[in-house]
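> Here's a sequence, model it:
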Amino acid sequence: MPTKPPPTGRSWRRIVDRTPTCTPAKPLLAAFDATGQSRYLDRAEQLARNITLRQAGLADGLIWEHYHADWSVDLDYNKGDKTNIFRPWGYQPGHLAEWAKLLLILDRHAQRLTDPDWLAPRTAQLFDAPMTRAWDNEHGGIVYGFAPDGGICDDDKYFWVESEVFAAAELPARRTGADEYWQWYQRIWDYSWAHFVDHQHGAWYRMLTRDKPEIQRRKIPRWKNRLPHHGRVLRSAQCDTGLSATPASQS
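Residues are numbered from 1 along each chain as shown. Sure, this is the predicted structure:
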């Protein structure tokens, strides 16, 4: 029976660019946790390998955001358009950190995987990239995007990037005990606590400019504040091997 050809044109563009490559891995891992069925874990590993190794191999070892219909890298899509924050050009530190976190979650199930040895070293590589290239040494915080040449292409700072990165720092910190991960965790959390959290009215601001003279006063939508990013921070910590749900400050 012939297989249906992949979508082309605008329909394919919507599929490839609207959703970050890390998004499909999350429900697959959740489905495995809920059912214990290996097919979900196997599919999550296949996706992780294809994106963080195969596709990254086409983009200097990091994960690009946009692709053509044949999965070749599209280096021109939205280039120079800083306003398109949902389909941004450049490497996204927040998505690199999310993939680092997801690889370590996969690594928890190493005994169920055929070849898990690549997960830990790849995690370190994907975590190190945003730290070395996207951390703002002058003002603090992680910027939104950087270019293939290492330059910053979007120096604004968004709440979800900071929360995803310190979540990604906590997993290897607890897994390896390495001080460098705890130092990054504390540094990013201190910045977020000082600048993103509204201590008078609660919740987080959505975006800051690089040196913080202009704060986007609009808060994070309630559903986004509580579920996708901050919720995953808590889930990552609670689900890690040997870690209870007790906050670190109370343990």
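> Show me the shaky parts of the stretch 1-150 of the chain.
Filtered on pLDDT under 70, the stretch 1-150 of the chain yields the residue ranges 1-20.
> Return the set of buried residues in stretch 150-162.
Counting neighbours by 16 or more other Cβ atoms under 10 Å, one finds that the buried residues in stretch 150-162 are 152-162. For every residue, glycine as well, the C-beta is placed using N, CA and C.
> what residues does it touch?
For stretch 150-162, contacts defined as Cβ atoms under 8 Å, 6 or more residues apart in numbering pick out 82, 85, 88-90, 92-94, 97, 133-134, 136, 141-147, 188, 191-192, 196, 204-210, 220, 224, 228-229.
> Tell me which entries of those residues lie within strands.
Secondary structure from DSSP state E places 145-146, 207-208 of the contacts of stretch 150-162 in strands.
> for those residues, which one is nearest Ala31?
Gly145 (30.8 Å; Cβ to Cβ).
> show me what contacts the closest one?
88-93, 134, 152-154.
> got JSON lines for these, with distance to Val73 too?
Shown next, in JSON lines, are the contacts of Gly145 (distance: Cβ to Cβ, whole Å):
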{"residue": "Pro88", "distance to Val73": "15"}
{"residue": "Trp89", "distance to Val73": "12"}
{"residue": "Gly90", "distance to Val73": "12"}
{"residue": "Tyr91", "distance to Val73": "11"}
{"residue": "Gln92", "distance to Val73": "14"}
{"residue": "Pro93", "distance to Val73": "18"}
{"residue": "Ala134", "distance to Val73": "19"}
{"residue": "Ile152", "distance to Val73": "20"}
{"residue": "Cys153", "distance to Val73": "16"}
{"residue": "Asp154", "distance to Val73": "19"}
